[in-house]
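In: my questions concern the predicted model and sequence given below.
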Amino acid sequence: MLRSKLLSLVTRSGSSRLMSTGTKLTSVEVNDKTGIATLTMNRPPVNGLNLELLQDLKASIDEIEGNKSRGLILTSSSPTIFSAGLDILEMYKPDKDRIRAFWSQLQDTWLALYGSSVPTAAAINGHSPAGGCLLATSCEYRVMLPKFTIGLNETQLGIVAPKWFMSAFLSVLPQREAERALNQGRMFSTEEALKVGLIDETANSKEEAIEKCAAFIGTFAKVNPLARSLTKQQFRAADLQQLENERKEDLEKFLFFVNQPAVQKGLGIYLEGLKKKAKKQ
Amino acid sequence: MLRSKLLSLVTRSGSSRLMSTGTKLTSVEVNDKTGIATLTMNRPPVNGLNLELLQDLKASIDEIEGNKSRGLILTSSSPTIFSAGLDILEMYKPDKDRIRAFWSQLQDTWLALYGSSVPTAAAINGHSPAGGCLLATSCEYRVMLPKFTIGLNETQLGIVAPKWFMSAFLSVLPQREAERALNQGRMFSTEEALKVGLIDETANSKEEAIEKCAAFIGTFAKVNPLARSLTKQQFRAADLQQLENERKEDLEKFLFFVNQPAVQKGLGIYLEGLKKKAKKQ
Amino acid sequence: MLRSKLLSLVTRSGSSRLMSTGTKLTSVEVNDKTGIATLTMNRPPVNGLNLELLQDLKASIDEIEGNKSRGLILTSSSPTIFSAGLDILEMYKPDKDRIRAFWSQLQDTWLALYGSSVPTAAAINGHSPAGGCLLATSCEYRVMLPKFTIGLNETQLGIVAPKWFMSAFLSVLPQREAERALNQGRMFSTEEALKVGLIDETANSKEEAIEKCAAFIGTFAKVNPLARSLTKQQFRAADLQQLENERKEDLEKFLFFVNQPAVQKGLGIYLEGLKKKAKKQ
């Protein structure tokens, strides 16, 4: 459905074309006029970040870096969910090898997105909790549609956002706001997110959100791309380096925590709740 | 007097009880309904932070952590002073052993408060200079009564706030505001403190302040306590670690500075002024 | 011309005198009443920061620290340019030894200004791009005249602001604002700079700007100078230490970057543009 929508867009406007079909769970579309790539997450129903979606996201980011796009706009094919965050099925009664691969891939994908050489913006066209918020705050700019929510709500789920989730969060929020929201596992409405600086603009449709993201990326039109990317990477170096240095400890910490019986029990109850909810609908 | 007031409160409302009489200079009262502990500093006339009050504070924090309270509200038994900060008598013509114990205890008490596993809030019911401001900014939330002042005014007294006082200050204020206020030794009025973010709310009475603190702590009602405390401690880890790593150097630096003849002279003049003021009243 | 202006000021008001003629490219005037030194950059036409101006700035800062001035106000003898930043002639087809001396001197001058023991303020009486903005943000307070611009516009020139330029920038701007402006190479108008916190006040004339800077420095009148300078230096220690630790790498990084053919080409084109512009005027 996404494909046909994109193709119809191409046919209609003639101003964009589908560049990549390289991954199953993401699509990359580069606008011919602007040179900006839109990276769409497409793992229905909620863009749960499982191993494969994280792999595809990383591959698409690499592709966009490689094809000399002027920028990257991250969005979702779902009309109501940007990304629901980490796929709980990866963490509930996990396979020993797969869960290691999963977390390592999350680290890799984040390092690629947060440290990306091209300008990045998120068109947040749906709810964006936990890992969804991580992806959004790892971009340089955020435009969000009304009536959705965004935040790092890990504590509400009985888990702890890793240090590097906090780094991305702190790159947009003041320390006092960031700490309180993290401790509360607070989800911000679009209006609240705008007020506090968690997002930069609102838009009334996905198209408008993408336009506004493109306008932000357009502010770099006359900036030397190499100088720009070195500047961004130097600015973000401490955050990136911290994870680079602590990858193994970060993985072990996650594995230890996720394997706690209390955490497994909590995830089980949460999944049960999701199933019941799904049946009702 | 505090005791009778608390007991009368218990009698009247039946909703709270006095949990602890373990320390001389602090009292801990846990509200039966909310499970929130109020920790009251009670060293008249100004809650000067001497060795014993710091020991009692630490013991009370430990007790609150141990008794599964839902949160900690720090306040004062004085109607005009939250805490006047470090007791100058500990620093003026000090005993060699006692001043070491004093500073180490200050470090311990701060590590316990700033890193506390339970949600913390300060009901600032009086002036809160220097060490008083440190205690307040080490909590996660601050409600203050009107017509009082708060700030790190060390430079006004000719001394230097240690690095970790600055960490707590920076956890609530933007860097530009924090540095300027530190350099000026600025005391903020309640209104100014609210405006700049040094406090979060105002209240017209101690009771209202405690209620507002309890409401803040209530925002964690549905949050997993373990996930919450790990999140908070991870967020504050760099600040806490910095002092842990530099405890000895921090102690020696303090001792070197406080033993400077110019500093001793300054403290002497300050104490003389306090005595004269006391006589007049 | 500057000299005669200063002398006429002395004659007129009797309240200030010219203290220093020690350097060619800067002048230092200490106000008798306030004890505050005004340090004026005087390298027409644009106060381009070449080796000699940086040496003179450092010597003047040292002099002001040494002569017990109550504070330092940095300003420019030009009516339209505070400082145009690093002199591009130092970087274009550079002499191997001189460019090393140039960058080392820039490091030294910044360490002296950012870590200065006396209160510092910038009376920004003209445009202040790149290195000019570095000097301004390394002071503790900024007052700017209308209709000028300020910012770290390095990326616009195809170069990268070093990490320590970013430190000074981050000492006044929130992280989100700082990163975006750095990546964009954004120049802020006086009004924009005020709004975002990049400057603290505006003034309608150089005299008024200097008065407002003096008023800021006057807020320290009753503060112990030693306690104040130790507080400031401790607050800025991490930033200062970072450059101290990385001086050599920072120099090599700069040399590597500036000697890239693409950068040399860019600087050449830029200089050509300046020449044409100069001819027209």
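Out: Structure received.
In: so what's residue A:230 up against?
Out: residue C:160 (CB atoms under 8 Å, 6 or more residues apart in numbering or on different chains). Heads up, the C-betas are built off the backbone N, CA and C, glycines and all.
In: and what of residue A:172?
Out: Counting by CB under 8 Å, 6+ apart, residue A:172 touches A:137, A:142, A:197, A:198, C:175, C:176.
In: quick one, which of those are buried?
Out: A:137, A:142, A:198, C:175, C:176 (16 or more other CB atoms under 10 Å in any protein chain shown).
In: my guess is the last one contacts residue A:197, does it?
Out: Yep, that's residue C:176 we're talking about. Yes - when contacts are counted by CB atoms under 8 Å, residue C:176 is listed as touching residue A:197 (6.3 Å).
In: how about the strands of chain A, start to end?
Out: A:16-20, A:26-31, A:36-41, A:71-76, A:120-124, A:128-129, A:142-144, A:149-151, A:188-189, A:201-202 (DSSP state E).
In: helices or strands next to the second one in the packing?
Out: In terms of contacts (3 or more CB pairs under 8 Å, 6 or more residues apart in numbering or on different chains; DSSP states H and E), strand A:26-31 is packed against helix A:2-13, strand A:16-20, strand A:36-41, helix A:51-66.
In: using CSV, list the CA coordinates for that strand.
Out: Backbone C-alpha positions of strand A:26-31 (Å, rounded to 0.1, in the frame of the first residue of the first chain) are rendered in CSV as follows:
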residue,chain,number,x,y,z
THR,A,26,11.8,0.5,5.3
SER,A,27,11.5,2.4,2.1
VAL,A,28,13.7,5.3,0.9
GLU,A,29,12.3,7.9,-1.4
VAL,A,30,14.5,10.7,-2.7
ASN,A,31,12.9,14.0,-3.9
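In: skipping adjacent residues, who's closest to residue A:213 in space?
Out: residue A:121 (3.7 Å; CB to CB, 6 or more residues apart in numbering or on different chains).
In: an error on my part: the question was meant for residue A:80.
Out: Spatial nearest neighbour of residue A:80, chain neighbours left out: residue A:126 (4.7 Å); criterion: CB to CB, 6+ apart.
In: just to check, that neighbour is in contact with residue A:145?
Out: Yes - using CB under 8 Å, residue A:126 is in contact with residue A:145, at 7.3 Å.
In: quick one: which of the two has more around it?
Out: Between residue A:126 and residue A:145, counted using other CB atoms under 10 Å in any protein chain shown, residue A:126 has the larger neighbour count: 24 against 20.
In: now do the contacts for the more buried one.
Out: A:76, A:78, A:79, A:80, A:81, A:82, A:145, A:148.
In: now the buried members of the residues you listed.
Out: By 16+ other CB under 10 Å, these give A:76, A:78, A:81, A:82, A:145, A:148 as buried.
In: which of the residues you listed sits closest to residue C:170?
Out: Ranked by distance to residue C:170 (CB to CB), the buried ones among the contacts of residue A:126 are led by residue A:82 at 29.2 Å.
In: any idea how many residues pack against the residue nearest to residue A:213?
Out: Neighbour number of residue A:121 under other CB under 10 Å is 28.
In: same check on the one 4 residues further on?
Out: Close neighbours of residue A:125, defined as other CB under 10 Å, add up to 25.
In: and it, its phi and psi?
Out: phi -100, psi 30 (degrees, to the nearest 10).
In: separation between it and residue C:67?
Out: Distance of residue A:125 to residue C:67, computed by CB to CB, to the nearest Å: 62 Å.
In: excluding chain neighbours, what is closest to whatever residue of the stretch 1-150 of chain A ends up closest to chain B?
Out: Distances between the stretch 1-150 of chain A and chain B by CB to the nearest CB are smallest at residue A:130, namely 12.2 Å. Spatially, and ignoring its direct neighbours in sequence, residue A:130 is nearest to residue A:85 (3.2 Å; CB to CB, 6+ apart).
In: ok, that neighbour touching residue A:150?
Out: No - using CB under 8 Å, residue A:85 makes no contact with residue A:150, being 10.9 Å away.
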